[in-house]
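Student: Here you go, sequence then predicted model.
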Amino acid sequence: MQTLITYFEKLGFLENDLNAFLSCVKLRKFSANEIILSDGQLENYLSFIDTGVVRYYVVANDKEITFDFAFKNSFYCAYDSFYDRSKTNSYIQAITDCQLYSISYENLQMLYGKCETAKKLGRIATEFLLTKKAKRELDLLTTSPQERYEKLLQEHPKYVQQIPLKYLASYIGVVPETLSRIRKRIS
C-alpha cells in the first residue's frame, strides 16, 4: 500500500489524512492475460496499479481493438460504467501480473458523505482519468501512428517491451506488420 500512500503524499496529503480512505482499499491480484472486467459487467472498482500493465479493449467484427493501456502508479477503471452505474461494453485485461489497490463504488460513495479527504482523492482520480482520455483522443486526431508509438515508448519504455505487438499495433491504429516497419525506422 506504500506506493498509493507515496502517490498521495506527493500531492500534499498526510498519511494520517488518508486513513479513512485507505481502510476501504483492498488489494486485488491478477495474473498475466487474466480478464479483470468483461463486456456486460458493471465496473465496481476504482483502482490504482501498484505493479503491472492493463489494457482496455473492445471487440468489433470479431476483432479485438485496444484503445488504452494503464501502467504502474496510475489509476484505472471503466469510468463510464463506474460513474454512471451502467454495464460496460469494453474489456479490461491484465497484460502482466498485476497488483491493484481498489476501492469499491459503494465505499467511495460512503466516504464522500463523511470525509473531505475522500472527496479530494476521488476528484484527483477522476481528473487523472478524464485528462488521460482527452489526451488520447487528441493524439488520435492530431498525431501519426509512428508519433503515437514513439510517445508511448518515451513515456513507458520498460512496459512497452512487455506488451504484445498485436496490442501495440491496435492501440496506435495499424496492423502488426506496419508497427514492425515503424520499429525498424526508429531503431
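Tutor: Great, that's in hand.

Student: those strands in the protein, which residues are they?
Tutor: Assigned by DSSP state E, the chain shows strands spanning 26-30, 35-37, 45-51, 53-60, 63-71, 75-76, 91-94, 98-104.

Student: Tell me the spacing between residue 169 and residue 72.
Tutor: Separation of residue 169 from residue 72 (Cβ to Cβ, to the nearest Å): 22 Å. All C-beta atoms are positioned from the backbone trio N, CA, C, and that covers glycine.

Student: Show me which of those two is the more surrounded one.
Tutor: Set residue 169 next to residue 72 and count neighbours by other Cβ atoms under 10 Å: residue 169 wins out with 20 against 17.

Student: Who are the contact partners of the more buried one?
Tutor: Contacts for residue 169 were tallied using Cβ atoms under 8 Å, 6 or more residues apart in numbering; they are 175, 176, 178, 179.

Student: In space, what's closest to the last one - neighbours in sequence excluded?
Tutor: Spelled out, that is residue 179. Distances taken as Cβ to Cβ, 6 or more residues apart in numbering put residue 169 closest to residue 179, at 4.1 Å, once the chain neighbours are dropped.

Student: same for the helix or strand of the chain with the lowest mean pLDDT, what does it pack against?
Tutor: Ranked by mean pLDDT, DSSP states H and E, the weakest helix or strand in the chain is helix 157-160, scoring a mean of 88. Where contact means 3 or more Cβ pairs under 8 Å, 6 or more residues apart in numbering; DSSP states H and E, helix 157-160 is not packed against any helix or strand.

Student: ok, the closest residue to residue 160 other than its chain neighbours - how many residues close by?
Tutor: Leaving aside its sequence neighbours, residue 160 sits nearest to residue 153 (Cβ to Cβ, 6+ apart; 5.3 Å). For residue 153, the count of nearby residues is 15 (other Cβ under 10 Å).

Student: could I get the strands of the chain as TSV with mean neighbour count and mean pLDDT?
Tutor: Below are the strands of the chain laid out as TSV (neighbours: other Cβ atoms under 10 Å; pLDDT from 0 to 100):
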stretch	mean neighbour count	mean pLDDT
strand 26-30	14	98
strand 35-37	19	98
strand 45-51	21	97
strand 53-60	18	97
strand 63-71	17	95
strand 75-76	24	93
strand 91-94	21	98
strand 98-104	20	98
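
Student: Residue ranges of each domain in the chain, please.
Tutor: 2-125, 143-187 (automatic domain parsing).

Student: what about stretch 167-180, average pLDDT?
Tutor: For stretch 167-180, mean pLDDT rounds to 95.

Student: For that stretch, buried residues please.
Tutor: 167, 168, 169, 170, 171, 172, 173, 174, 179 (16 or more other Cβ atoms under 10 Å).
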